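J.: What would the 3D arrangement of this be:
(2 chains)
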2 protein chains.
Amino acid sequence: MAETALNRARIAVDAMGGDYAPNEIIAGSMRASEELDVEVLLVGDSERIEAYFQHHPRPKNLTIVHAEEVVAMDEEPITAIRRKPAASINVAMDLVKQNRADAVVAAGHSGAAMAAALLRLGRLKGIDRPAIGAVLPTMLAGKSVIILDVGANVDCKPKYLEQFALMGTIYSKYVMGVEDPKVGLLNIGEEPSKGDDLALKTYELLENNQQIPFIGNAEGRDVLSGQFDVIVCDGFVGNVLLKFAEAVGGVILQILKEELPRGIQGKVGTALIKPNLKQIKQRMDHAEHGGALLFGVDGVCVISHGSSQAPSIFNAIRQAKNAVDNRVSERIQAYNDHHHQLKELSVNGED
Amino acid sequence: MAETALNRARIAVDAMGGDYAPNEIIAGSMRASEELDVEVLLVGDSERIEAYFQHHPRPKNLTIVHAEEVVAMDEEPITAIRRKPAASINVAMDLVKQNRADAVVAAGHSGAAMAAALLRLGRLKGIDRPAIGAVLPTMLAGKSVIILDVGANVDCKPKYLEQFALMGTIYSKYVMGVEDPKVGLLNIGEEPSKGDDLALKTYELLENNQQIPFIGNAEGRDVLSGQFDVIVCDGFVGNVLLKFAEAVGGVILQILKEELPRGIQGKVGTALIKPNLKQIKQRMDHAEHGGALLFGVDGVCVISHGSSQAPSIFNAIRQAKNAVDNRVSERIQAYNDHHHQLKELSVNGED
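T.: The predicted structure is shown next:
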């Protein structure tokens, strides 16, 4: 069902965000311009960006858009976004608002990116709360799971989770290419009767929504099983889970590093399996799985990790391009229009 | 500060719970009777238990207590506990109630164990809600972290979490032997201003309680860092996190199994590091870290995994013995009496 884009996806990249800005962001954008069918708009301090291009030829499909200011990691997001209209993240969002770009890629301060998206682009009609969705690898090679929300909303209502489920389904189907996505509700037991008040009420909504391929509760142990393509939860649990999951890979690599080379036999063995260990690291690495997607705002926004280097930025741009090419926002909007009509019909007596 | 027990700890073990009952439970109890200074009371179908001892000599400090019934894994806990007074888990709790035992060890149905403990033993004075605490290994070899609650309470109030923090501190100090335990609140950011309503209010309580060595918020990424000895959270988040953590070890071992022996070099290398891999598995294995402890009921209860085999049961008995020998319940009670007095004083005008 992949659609052919009439126009190349135009991706505005905030060159100034994240721990390795601007050089690694520029390097990742360069690679994307060369390897993908996209237009990249690199937003930030034009002097610093141009300095980079004195040593590297600038691709034709990469242009520089100047932004006077930057939101720093330690700034309170909403205040900073309001006080600095010329900050790179604001300028990038404005490019989408003005239809000069189709998507924004930003690394680092996810709170600032979210605030800028909300204030500049607004929400999609029918979506009460935007959500941050993260893609994790699963036990099954090549199969990922989208978890949302992972931090945008700490106190959720059941209908927000229903909306998250819908947005996740559309993303899974049209961007990840899962023909028949399976949606789960993060919970503390398999049975419909399990969980807190939010889980119980959400279960009912999901079960009764024909548009959502809901297959039941997902426990903590099921998250990485590959059994689910989309898992919904409130942003508190999702954030704790995501940060735990990101860290646990590092913890285990650390244990491997300590324990594997013990003894002479261990040292020789470890040397022999080094290339395979690298492969494992890659399979667990979140850089390979792209950034987090901001769902429910009126435009595509991919938020990459603060520690993003060129490969993560490249992947984030590819992810943004896929979301644009497959018209994720339009599909969510279309569903909501349809759903709204159904509701109105039902309110008018036709159940 | 370890106390010398005047009497041997008497541990009632539910022989009929878990996937490998009764034989693995009996085997673990045997080993505990032989290696630890304890009295074991094996509770269950005496005919089946005695059949086991026709092939193994029964240690003197292991006695059999007959129980007519069993609570099955698929039974609704509270109903089953009420309808089957002669179920092994109820009989085991009664032994503590009648002061014929000091602690209960049960594998499997944690809901049933909790219901039985609550109905038969009741809560400690000053504790509003019992909590299940789980011990996880951390990145630092030999250092563990206790997380509570991991499933007993899905909707928590700030004062419950304050009580969890206190109970965890006592356990960490007197049972795990951590001289100077550090307590964290599971949250989505480091700053005190982060989190949902529960987190914000709990932060304030913890910060103002002089008895709790609170050092701040713990994010998902900090859980296994070894920086915290006790982490408190509501039972919903804790349960999701625990089940995820238990599963992730298996997921990674699976990936190692698939990726390490690739190619001839990989096969040779993997063969060489096999003993070290076993060591790693052990370090991550929850069986090594004993069972979950039920905090806040009037008696010591250790709940072991449903998949527990002899080594887990042995560790759970050792853990129960440690809790008994170090008078965890009395210490919690003593703190609460003291705290209650302080509060009364403050209510009476002396702040």
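
J.: Please, which helix or strand holds the residue located most distally from the centre of chain A?
T.: Ranked by distance from the centre of chain A (CA atoms, centre = their mean), the top residue is residue A:264, with 43.9 Å. Secondary structure from DSSP states H and E places residue A:264 in helix A:263-284.

J.: just checking, next helix/strand downstream of that helix?
T.: strand A:292-295.

J.: Between the two ends of stretch A:73-87, what distance do you get?
T.: 13 Å (CA to CA, to the nearest Å).

J.: Please determine how far residue A:115 is located from chain B.
T.: Here residue A:115 is placed at a distance of 15 Å from chain B (CB to the nearest CB, to the nearest Å). In this view, the C-beta of every residue, glycine as well, is placed from N, C-alpha and C.

J.: Quick check, that residue in contact with residue A:83.
T.: No. Between residue A:115 and residue A:83 there is no contact under CB atoms under 8 Å: 11.4 Å.

J.: So which of the two has more stuff around it?
T.: More crowded of residue A:115 and residue A:83, by other CB atoms under 10 Å in any protein chain shown: residue A:115, with 22 against 12.

J.: Pull out the buried positions in the helix or strand that one falls within.
T.: Taking DSSP H and E as the criterion, the element that holds residue A:115 is helix A:110-120. Neighbour counts over helix A:110-120 (16 or more other CB atoms under 10 Å in any protein chain shown) mark A:110, A:111, A:112, A:113, A:114, A:115, A:116, A:117, A:118, A:120 as buried.

J.: Let me know the next secondary structure element after that helix.
T.: Later in the chain than helix A:110-120, the nearest helix or strand by DSSP H and E is strand A:131-137.

J.: is that following strand anywhere near chain B?
T.: No. Applying CB under 8 Å from any CB of the partner chain, one finds strand A:131-137 separated from chain B by no less than 9.1 Å.

J.: Next, the contact list for residue A:233, please.
T.: Residues near residue A:233 by CB atoms under 8 Å, 6 or more residues apart in numbering or on different chains: A:147, A:148, A:149, A:161, A:185, A:186, A:241, B:240.

J.: So which of these sit within helices?
T.: A:161, A:241, B:240 (DSSP state H).

J.: Show me which of those residues are buried.
T.: Counted by 16+ other CB under 10 Å, these give A:161, A:241, B:240 as buried.

J.: Make sure the first one is actually in contact with residue A:186.
T.: No. Taking contact to mean CB under 8 Å, the distance of 9.3 Å between residue A:161 and residue A:186 leaves them out of contact.

J.: Now do the shared contacts for those two.
T.: Taking CB under 8 Å, 6+ apart as the criterion, residue A:161 and residue A:186 both touch A:232, A:233.

J.: picking up where we left off before, just the angle for the helix holding residue A:264 relative to helix B:263-272, thanks.
T.: Orientation check (axes from the mean of the first three to the mean of the last three CA atoms, to 10 degrees): helix A:263-284 against helix B:263-272 gives 120 degrees.

J.: Closest one to residue B:273 out of the contacts of residue A:233, please.
T.: Within the contacts of residue A:233, proximity to residue B:273 (CB to CB) peaks at residue A:241, which comes in at 30.9 Å.

J.: Distance check, that closest one against residue B:224.
T.: Applying CB to CB, to the nearest Å, the value for residue A:241 to residue B:224 is 13 Å.

J.: for residue A:337, same thing?
T.: With distances taken as CB to CB, residue A:337 is found 45 Å from residue B:224.

J.: Mind checking which of the two has more residues around it?
T.: Neighbour totals were compared for residue A:337 and residue B:224, and residue B:224 leads with 23 against 12 (other CB under 10 Å).

J.: The more buried one belongs to a strand?
T.: No. Assignment of residue B:224 by DSSP: H, G, I helix; E, B strand; the rest coil gives coil, placing it outside any strand.

J.: which phi and psi does it have?
T.: phi -100, psi 10 (degrees, to the nearest 10).

J.: quick one on the thing from earlier: please produce a markdown table containing the contacts of residue A:233, extended by distance to residue B:233 and pLDDT.
T.: As requested, these are exported to a markdown table (distance: CB to CB, whole Å; pLDDT from 0 to 100):
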| residue | distance to residue B:233 | pLDDT |
| --- | --- | --- |
| A:147 | 18 | 96 |
| A:148 | 21 | 96 |
| A:149 | 18 | 95 |
| A:161 | 20 | 97 |
| A:185 | 19 | 98 |
| A:186 | 15 | 98 |
| A:241 | 12 | 96 |
| B:240 | 10 | 96 |
